[in-house]
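Asker: I'll drop the sequence and a predicted model, then ask my questions.
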Amino acid sequence: MTAQHVLTIDFGVNGNSLGYLGGGWARAEEGFAWMTGQESHLLLNLEPDGREYVLTLRVAPFILPPGLRAQRLVVSLNETTIGMGAFSRPVVLGWRIPGHLIRPGRSLITLSHPDAARPSDLVKSTDERELAFSVEDASLHHFAPPAVGGPPLPAGLSLGAVVGPNFAVHPGTDLREWVARRTGLSLAELAMQFESIGDNCEFGLVQRKCDAEPLGLLRFSGAFSDGIVAGIENDFAGLGEPETIEPRLEDAKGRREYMIHERTYGLTYHSFVYEDERTPDVLRKQEAARLTFLRRKFLDDLEEGEKIFVFKRNVPVPEAELLPLFMALNRKRANSLLWVVPAEPGRPCGTVEVAMPGLLKGHIDRFAPNDNAHDFSFEAWIRLCANALLLNRLMRGTGGTA
């Protein structure tokens, strides 16, 4: 289902935030406003018609290491907490607002931030405001009902792990046979249904082991999720400009490879070009052309809405950081996202569940180590992809093999 934009609040000095602010805000500055004190409040008009909303905020915590390394944030709708976390870098955050919590009249969003601090208490400064987070903007979305395929699959619906050699349905069945029986596809065809959007090259290497080599903008890239969100929201404008591309020789242990550092959206990825094979200037021009092409292809894939995008990170990612990425993917066309996290009690390796319409949450036994992306759990990834594909077919009303 496509995300329907309801409202954007600009907190800058020339923005429209005054009509939505309660207490706990400093005077707006160029491009943002500070949350101050222990609480800040927003007043929103939400329709009590049962639909679920998603509220996103683009924030930066006030931190001054080593004394103040993070800011905690608790978000409540009226008297009910809908999210919380601690944050140490600029980030885009999102929270679900369940329909059953919405009352007639204006809804009160309370942003509690108990770690707000005065700069004058931490460094030499005359600023005595209690600062918590600077906020650039807030956006409100809801999801329109699906045009086809009937009612959405209920949250919590899952396909679980299958025991047996190589996750086989029947003992003795190898992985390729199991995938064909489960999905009607070969391993390569299954892998081509997916596209990685972070946070490193692990899933791209899984696709390679399936004999699939899709062209993907973020297949071998690393970036913070908020950089990817900004890229999708801006159609990756400016990506591929030569002056934003910096090749750097890295890996002092062996033959050094050029790693590409892209400054506009914070992408970092392998060039697979080694020292003395090319000059930095030649490589920069080649990467500029490559990124320009891959940007166009990525935007086309978003518009077609056929791929299942895959996001994982070795460090745990809270749903509050994942939701803005999901909303960005769905801003123009309904797209599906597979969010891969470690297995947990009750959700063993191979389990894929519906977190919300279009958002699938898959559980894996382990991720590849950060220093060796080739050491991935291949059978587990294939199991996740097969189950995700089946659930995605159900969500889109296209059926599938089981």
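Answerer: Nice, thanks for sending it over. Numbers count the residues shown, from 1 in each chain.

Asker: how many neighbours does residue 69 have?
Answerer: Other residues lying near residue 69 total 12 when counted by other Cβ atoms under 10 Å. C-beta here means a position set from N, CA and C on the backbone, and glycine is covered the same way.

Asker: how near is it to residue 58?
Answerer: 21 Å (Cβ to Cβ, to the nearest Å).

Asker: please report how far the closest residue to residue 349 other than its chain neighbours lies from residue 192.
Answerer: Using Cβ to Cβ, 6 or more residues apart in numbering and skipping the chain neighbours, the partner closest in space to residue 349 is residue 365 (4.0 Å). Remark: distance between residue 365 and residue 192 (Cβ to Cβ) = 24 Å.

Asker: report the buried residues of the helix or strand harbouring residue 298.
Answerer: Assigned by DSSP states H and E, residue 298 belongs to helix 280-304. By 16 or more other Cβ atoms under 10 Å, the buried positions in helix 280-304 come out as 283-284, 287-288, 290-291, 294-295, 298, 301-302.

Asker: what's the following helix or strand after it?
Answerer: Past helix 280-304, the next helix or strand by DSSP H and E is strand 308-312.

Asker: who's in contact with the following helix or strand past that next one?
Answerer: Sequence order places helix 319-329 as the next helix or strand after strand 308-312, per DSSP H and E. Helix 319-329 has contacts (Cβ atoms under 8 Å, 6 or more residues apart in numbering) with 3, 54, 56, 83, 85, 91-96, 139, 141, 197, 225-226, 228-229, 232-233, 302, 309, 311, 335, 337, 339, 355, 358-359.

Asker: average pLDDT for helix 319-329, rounded please.
Answerer: On average, the pLDDT along helix 319-329 is 94.

Asker: again, but for stretch 285-293
Answerer: Average pLDDT, stretch 285-293: 96.

Asker: with stretch 23-43 instead?
Answerer: Throughout stretch 23-43, pLDDT has a mean value of 97.

Asker: same question, stretch 259-268
Answerer: For stretch 259-268, mean pLDDT is 92.

Asker: ok, now stretch 71-83?
Answerer: Predicted confidence along stretch 71-83 averages 96 (mean pLDDT).

Asker: where's that stretch relative to the chain centroid, distance-wise?
Answerer: 21 Å (Cα atoms, centre = their mean, to the nearest Å).

Asker: same check on stretch 203-215?
Answerer: 21 Å.

Asker: buried ones in it, by neighbour count?
Answerer: In terms of neighbour count (16+ other Cβ under 10 Å), stretch 203-215 has its buried residues at 203-208, 210, 212, 214.

Asker: which of these sit farthest apart?
Answerer: The distance between the two most remote of these (Cβ to Cβ) is 12.4 Å, for 205 and 214.

Asker: quick check: closest non-adjacent residue to residue 361.
Answerer: residue 355 (4.5 Å).

Asker: distance of the one you found from residue 272?
Answerer: 35 Å.

Asker: then residue 35?
Answerer: According to Cβ to Cβ, residue 35 and residue 272 sit 44 Å apart.

Asker: max-length strand in this protein?
Answerer: Selection of the longest strand in the chain by residue count, based on DSSP state E, yields strand 131-143.

Asker: what about it, average pLDDT?
Answerer: Throughout strand 131-143, pLDDT has a mean value of 94.

Asker: which stretches of the stretch 1-150 of the chain form strands?
Answerer: Under the criterion DSSP state E, counting those that start in this stretch, the stretch 1-150 of the chain carries strands at the ranges 3-10, 33-36, 39-45, 53-61, 71-77, 80-87, 91-97, 106-112, 131-143.

Asker: buried ones in stretch 6-17?
Answerer: So, applying 16+ other Cβ under 10 Å, buried residues of stretch 6-17: 6, 9-12, 15, 17.

Asker: any chance of the strands of the stretch 1-150 of the chain in a markdown table with distance to residue 264 as columns?
Answerer: As requested, those are exported to a markdown table (distance: least, Cβ to Cβ, whole Å):
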| stretch | distance to residue 264 |
| --- | --- |
| strand 3-10 | 22 |
| strand 33-36 | 25 |
| strand 39-45 | 30 |
| strand 53-61 | 17 |
| strand 71-77 | 27 |
| strand 80-87 | 23 |
| strand 91-97 | 16 |
| strand 106-112 | 30 |
| strand 131-143 | 17 |
